[in-house]
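Student: quick one: sequence plus predicted model below, questions after.
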Amino acid sequence: MSQDKPSRKGQWVDQMLKVRDNRDTDAFAELFSHFAPRIKGFLIKSGADAATAEECAQDVMVTLWRKAGQFDPSRASVATWVFTIARNRRIDILRRERRPEPEDIPWGPEPEPEQAAVLELQQESARLTAALAELPEEQRKLIEQAYFGELSQSEIAQATGLPLGTIKSRIRLALDRLRHAMK
Amino acid sequence: MNMTTIQHHLDEATLMGYATGNLPEAFNLIVAAHVSLCDACRAAVESYDAVGGSLLEGAATAMSEDSLATTLARLKGEPVIAKQPKNVGVLPTPLQDYVGGDLASIKWRPVGMGVKQAVLATSGTATARLLFIPAGTAMPHHGHRGTELTMVLQGAFQDDEAYFARGDVEIADASVHHIPVADIHDDCICLAVTDAPLRFKGWLPRIVQKFVGI
């Protein structure tokens, strides 16, 4: 439906790094074309009206620009990172509540993640997306309700056999590496 | 902030609830505080975030024509958010944001036997408070209806067979009658969060709940 141009590493990492490292507005425009409609759709599914969702999708993209320095491609795909910003904005508009976030892992000398680690995380993310698409309708609906709605989380936490284990261990490795680098 | 070896972690349902954005603010606060110290739980939260990222891919709704131009114009002059400086205090950064500083900024109120507490302002029905228990002292009995999560920030406490040190979280439901005792070596400071009385689904029980006060 849109002219998506996933980058060489796939999933918009190149564009995100151009925004992060060069404040590249062309790369930002590409990210906007792909993600802003998805943020808007997410907010509408979460109960926001179209005008609010439109405005907030713009806010989320501005936050992406401002927080770009915190993006770490060995720990999150661009879609995941955008999701976290959109989710926080949702809590802000629908509940008028603060959203406490964990402290950043202190950065020492800038440890640039290895290409292999970045690639692996992106591949696992793609695998997760595929696994989600293959879930039985009922299970996928349950998960969507948890993320889009206000469904209690207790009964869904273990309702699915999603391949989260490998993603978790890759993120863990990336965290270990960061911790090690700052010693 | 030094990493310690954390023995007692948050449960998967709470970690997932944090990622989906369905927890009350007080519970978001304890997750943010624990994850600040615990890489295992941070990795778990970030993998639940990844599910959200995957779902986002399938949720597109067209933006208005001029939205990109409007947003690009807004970027000019937007300050970049700097990385946080290294936290050298006792309280994890998200807690410092609520307290307005580190330990010295906590506004303690005595509750007897040398024990002190400070309620933190969070919205909704769940509550968050900091507890100060002098070394070697038993925590006073405090009833709680739903779930209570207690995270150690300084010192340690012993409860039955288990020992809880900095970063550890004790998970207790209403059926647990526990009497935690602060370790003798240091005064113990904890963050405790309790959820609301039972939360009912649907509008009728909710109205009834208001009147009968359960």
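Tutor: Looks like it came in fine. Residues are numbered from 1 along each chain as shown, chains lettered A, B, ... in the order given.

Student: pLDDT wise, what is the spatially most central residue of chain A at?
Tutor: Nearest to the mean C-alpha position of chain A, counting by CA atoms, centre = their mean, stands A:T80 at 1.5 Å. If you check A:T80, the pLDDT there is 96.

Student: and what of B:V111?
Tutor: Note on B:V111: pLDDT of 85.

Student: where does the prediction get shaky in chain A?
Tutor: When residues are selected by pLDDT under 70, those of chain A lie in A:1-10, A:106-111, A:150-161, A:181-183.

Student: show me where it has helices.
Tutor: Taking DSSP state H as the test, the helices found in chain A are A:13-22, A:25-45, A:50-67, A:78-95, A:115-134, A:137-148, A:164-181.

Student: okay, these in CSV with distance to B:Y18 next?
Tutor: All C-beta atoms are positioned from the backbone trio N, CA, C, and that covers glycine. Shown next, in CSV, are these (distance: least, CB to CB, whole Å):
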stretch, distance to B:Y18
helix A:13-22, 24
helix A:25-45, 17
helix A:50-67, 19
helix A:78-95, 10
helix A:115-134, 18
helix A:137-148, 12
helix A:164-181, 15
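
Student: how about these in TSV, adding distance to chain B?
Tutor: Formatted as TSV, the helices of chain A follow (distance: least, CB to the nearest CB, whole Å):
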stretch	distance to chain B
helix A:13-22	10
helix A:25-45	4
helix A:50-67	5
helix A:78-95	3
helix A:115-134	4
helix A:137-148	5
helix A:164-181	4
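
Student: and B:R109, which of those is closest to it?
Tutor: Nearest to B:R109, of all the helices of chain A, is helix A:78-95, at 28.0 Å by CB to CB.

Student: the closest one packs against which elements?
Tutor: With contacts taken as 3 or more CB pairs under 8 Å, 6 or more residues apart in numbering or on different chains; DSSP states H and E, helix A:78-95 sits against helix A:13-22, helix A:25-45, helix A:50-67, helix B:39-56.

Student: and that helix, how far from the chain's centre?
Tutor: How far helix A:78-95 lies from its chain's middle: 9 Å, per CA atoms, centre = their mean, to the nearest Å.

Student: buried set for it?
Tutor: Across helix A:78-95, burial judged by 16 or more other CB atoms under 10 Å in any protein chain shown covers A:78-91, A:93-94.

Student: render the CA-only coordinates of that helix in CSV, please.
Tutor: The C-alpha coordinates for helix A:78-95 follow below in CSV (Å, rounded to 0.1, in the frame of the first residue of the first chain):
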residue,chain,number,x,y,z
VAL,A,78,13.1,0.3,14.4
ALA,A,79,9.4,-0.9,14.6
THR,A,80,9.9,-2.0,18.2
TRP,A,81,11.5,1.3,19.1
VAL,A,82,8.7,3.3,17.4
PHE,A,83,6.2,1.1,19.2
THR,A,84,7.6,2.0,22.6
ILE,A,85,7.4,5.8,21.9
ALA,A,86,3.8,5.4,20.5
ARG,A,87,2.8,3.3,23.6
ASN,A,88,4.1,6.0,26.0
ARG,A,89,2.2,8.7,24.0
ARG,A,90,-0.9,6.5,24.2
ILE,A,91,-0.6,6.3,28.0
ASP,A,92,-0.1,10.0,28.1
ILE,A,93,-3.2,10.9,26.0
LEU,A,94,-5.7,8.2,27.1
ARG,A,95,-4.8,8.1,30.8
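
Student: okay, angle between that helix and helix A:137-148 too, please.
Tutor: With axes from the mean of the first three to the mean of the last three CA atoms, to 10 degrees as the basis, helix A:78-95 and helix A:137-148 are set at 60 degrees to each other.

Student: B:S175: neighbour count?
Tutor: By other CB atoms under 10 Å in any protein chain shown, the residues close to B:S175 number 5.

Student: that one in helix, strand or coil?
Tutor: coil (DSSP: H, G, I helix; E, B strand; the rest coil).

Student: where does the prediction get shaky in chain B?
Tutor: Applying pLDDT under 70 to chain B flags the ranges B:1-4, B:140-145, B:177, B:196-214.
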